[in-house]
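Novice: my questions are about this predicted structure, shown below with the sequence.
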Amino acid sequence: MRREDGQVTVMTIGFLLFVGLLAVVVINSSAAFLERQRLDNMADGAALSAADGLSRATFYRRGEVTLDGAQARRLVGRYVGGDGVRIVRVTTDDEQVSVRLERSIDLALAPPGWDSQTTIVSEATAQLRLGD
């Protein structure tokens with residue numbers, strides 16, 4: 001006859017490992033989600049700030065609404081300043097500006113063999129329009 005002593009112990013250890021791994025995933029995902037929301041808000045604000053980079057010379061001479069790319073980049077840099085956020089791209093066309101930001105964050109829990117950092121990316125676009 002086979003002995004079944006210790007079978008519950010093996011199953012309990014396996015279950016606890018699974019629950020621990022699930023907790024790590026949930027905690028890290030929640031932290032990354034909250035950081036992503038902050039970065040989204042910053043990208044939105046930076047794009048709106050850059051949309052204020054209206055080429056005043058073109059507007060006052062010809063009445064056309066165009067964005068000054070250099071001014072838009074300066075405004076984004078001033079808005080984003082600090083916090084480990086990298087400005088990856090600021091592009092402008094006639095009346096629209098797009099901003100892409102990145103930020104590396106440390107994960108709250110990193111099991112052995114896992115990377116302890118991840119990169120979060122956010123993009124935002126703002127359009128400059130004249131009111132009628």
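Specialist: The structure has been received and is ready for your questions. As the structure is a computational prediction, the values presented were derived from the model and not from experiment.
Novice: how about the strands in the chain?
Specialist: 85-92, 96-106, 117-127 (DSSP state E).
Novice: mean confidence score for the shortest one?
Specialist: Which is strand 85-92. Strand 85-92 shows an average pLDDT of 89 in the prediction.
Novice: got it, and the second one?
Specialist: Per-residue pLDDT values across strand 96-106 average out to 91.
Novice: on that earlier part again, could I get the strands of the chain as CSV with mean neighbour count and distance to Gly20?
Specialist: In short, each C-beta sits where N, CA and C put it, glycine included. Formatted as CSV, those follow (neighbours: other C-beta atoms under 10 Å; distance: least, C-beta to C-beta, whole Å):
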stretch, mean neighbour count, distance to Gly20
strand 85-92, 16, 32
strand 96-106, 19, 19
strand 117-127, 16, 20
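Novice: what sits against Gly77?
Specialist: Under the criterion of C-beta atoms under 8 Å, 6 or more residues apart in numbering, the neighbours of Gly77 are Ile87.
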